[in-house]
Every structure is written in C-alpha cells, then in structure tokens.
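Undergrad: structural data only, the sequence is not supplied:
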C-alpha cells in the first residue's frame, strides 16, 4: 500500500502485531495453494485423468463477483473492473465474516467506544482471490478511519493519479483508495464532527510491472474502490452516501 500520513491512535506494537497476523494468513494461503498444486501434479502423473480434479472443484465452488465480500460490495461495474484486473469473472467465495457489514460494525464499535483500543483505526474487509488453477491474483480490501480532513495541499503518492471521487481518491496500476465523509446517527458525534473513512483496494504480493494499459488499470481499481466505498457508506448510514455518486468518475482531479 502506498505511504500516507499516519493517523491518530496507531502505534508500532500494533502495526507489528497486524504484520505478523497478516503474514501468517498469507503463509497459510500460500501453503494451501501449494498443496492444491501438488495434488494437481499427482493427479496428472499418477491417475491419468481419473480421480478428483481440485481445479475443477475450485471452479465449481467459485462465485460471481457480485457475491464477494458479503454480497453488497461489488457492483456490476466493479465486477467488470475485476475481470479487467485479474482476467477472471469467477472468484473464490469470501469468508463468512469478510463482509462490508462486519467491517462497518467494527467502525461503529470504535467510534462508539465499544471496541477497545488495541483494534486501532483500520482493518480488513475481505480478500478477493482468483480460483485455484487460474493465474493467481489476491486483492486486499481494507478500511481506515480518521477524524481529520485531507489537507488541501496533499499530493497523491508517486505513481498515483488523484481522482474526483469522494473527499479524496487516487489510483495506481495496482491500488486505489477512496476517502469519504460520514455523518451518521450510527457514529456518535459525527453529525458535529464527521468521520473520514478510507477504503483501499490493493493487489498483494511482490510489486510487478503493469500488466496492460496503465490508465485502464487505474480506472478499474478506482471502480472497485468506489464500489466498496459506496457499500460502506450505505452500511454506515452516512448522510448523502458520504458524497459518493452512484457511478465513479474516472476523471483526474
């Protein structure tokens, strides 16, 4: 993820804990794919086409993009954008709690004080994986909470283009983020002092050179980030959907 100003409430110990936790998830995920790959090889060598086919099973269990992350996060347009990014129109089903609704509950809990400090002011929404047996893509969708507006002189990180979406948005060939203002009865005090919610969509793994048209990829990532942002704004009950339009604007700011 591109570097952005540190938000209030973060500390190094928590960041280290999050890093260890997420690294463990990535390791387990890698082992899972390695096991399936080994099974595919064993099946091809030892069975001559007979027996179980893990890749076929993965395809059969895959879901349409509109069912990802709880079923309300990915619009039809964002589904097309995911295909432009990954080349796939089917994806592994999201985990039970990997939803926008669950993430919104965390945001409400933090603002209302029901969730203790160690949780911090950011978290995961969901991961998006292409099915086993297809080119591997992993996209991470996260949220981040602040009580401060983006500075008027803030510049986008290197490689990013600022976009006219929400309070602030920017996109690169492998990541996009959208910040929006939220005044909601669900967030105590936000009517007078609004919360600023940032949603980020990022390709995981080692940095790679752009695969395709850079500007088209930026638009695709921005479309997905806008979709999950709008879903979060609606889930939080933000006034005027947080200033987000029904469709994203790909125009540079």
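TA: Great, that's in hand. Remember, it's a predicted structure, so these values are computed and weren't measured experimentally. Residues are numbered from 1 along each chain as shown.
Undergrad: show me what contacts the most centrally placed residue in the chain?
TA: By C-alpha atoms, centre = their mean, the chain has its centre lying nearest to residue 141, at 1.3 Å. By C-beta atoms under 8 Å, 6 or more residues apart in numbering, residue 141 lies in contact with 69, 73, 124, 125, 126, 127, 128, 199, 200, 201, 228. C-beta: built from backbone N, CA, C; applies to glycine.
Undergrad: could you say which helix or strand holds it?
TA: Applying DSSP states H and E as the criterion places residue 141 in strand 138-146.
Undergrad: just give the strands next to the helix or strand that that strand is followed by in its sheet, each with its orientation.
TA: Remark: after strand 138-146, the chain's next helix or strand is strand 161-162, criterion DSSP H and E. Applying DSSP bridges, strand 161-162 is found paired with strand 168-171 (antiparallel).
Undergrad: next, the buried residues of the strand it pairs with.
TA: 168, 169, 170, 171 (16 or more other C-beta atoms under 10 Å).
Undergrad: again with stretch 192-204
TA: Applying 16+ other C-beta under 10 Å to stretch 192-204 flags 194, 195, 196, 197, 198, 199, 200, 201, 202, 203, 204 as buried.
Undergrad: turn the buried residues of strand 168-171 into JSON lines, columns for distance to residue 252.
TA: Below are the buried residues of strand 168-171 laid out as JSON lines (distance: C-beta to C-beta, whole Å):
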{"residue": "168", "distance to residue 252": "13"}
{"residue": "169", "distance to residue 252": "10"}
{"residue": "170", "distance to residue 252": "10"}
{"residue": "171", "distance to residue 252": "9"}
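Undergrad: and of those, the nearest to residue 91?
TA: residue 171 (20.8 Å; C-beta to C-beta).
Undergrad: so can I have CSV of the buried residues of stretch 192-204 showing secondary structure, distance to residue 162 and pLDDT?
TA: Listed next are the buried residues of stretch 192-204 as CSV, based on DSSP: H, G, I helix; E, B strand; the rest coil; distance: C-beta to C-beta, whole Å; pLDDT from 0 to 100:
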residue, secondary structure, distance to residue 162, pLDDT
194, coil, 21, 95
195, strand, 21, 95
196, strand, 16, 96
197, strand, 18, 97
198, strand, 14, 97
199, strand, 16, 98
200, strand, 15, 98
201, strand, 16, 98
202, strand, 17, 97
203, strand, 20, 96
204, coil, 23, 94
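Undergrad: closest to residue 104 out of those?
TA: Nearest member of the buried residues of stretch 192-204 to residue 104, counting by C-beta to C-beta, is residue 197, at 9.3 Å.
Undergrad: ok, the residue lying closest to the closest one once chain neighbours are set aside - contacts?
TA: Distances taken as C-beta to C-beta, 6 or more residues apart in numbering put residue 182 closest to residue 197, at 5.4 Å, once the chain neighbours are dropped. For residue 182, the contact set (C-beta under 8 Å, 6+ apart) comprises 190, 194, 195, 196, 197, 233, 236, 238, 239, 242.
Undergrad: now for those: which two are most distant?
TA: So, the contacts of residue 182 by C-beta to C-beta: farthest apart are 196 and 239, at 13.5 Å.
Undergrad: how much space between the residue nearest to residue 197 and residue 195?
TA: Plainly put, residue 182 is 5 Å away from residue 195 if you go by C-beta to C-beta, to the nearest Å.
Undergrad: next: residue 142.
TA: With C-beta to C-beta as the criterion, residue 142 and residue 195 are 16 Å apart.
Undergrad: surely residue 242 is in a helix?
TA: Yes - applying DSSP: H, G, I helix; E, B strand; the rest coil, one finds residue 242 inside a helix.
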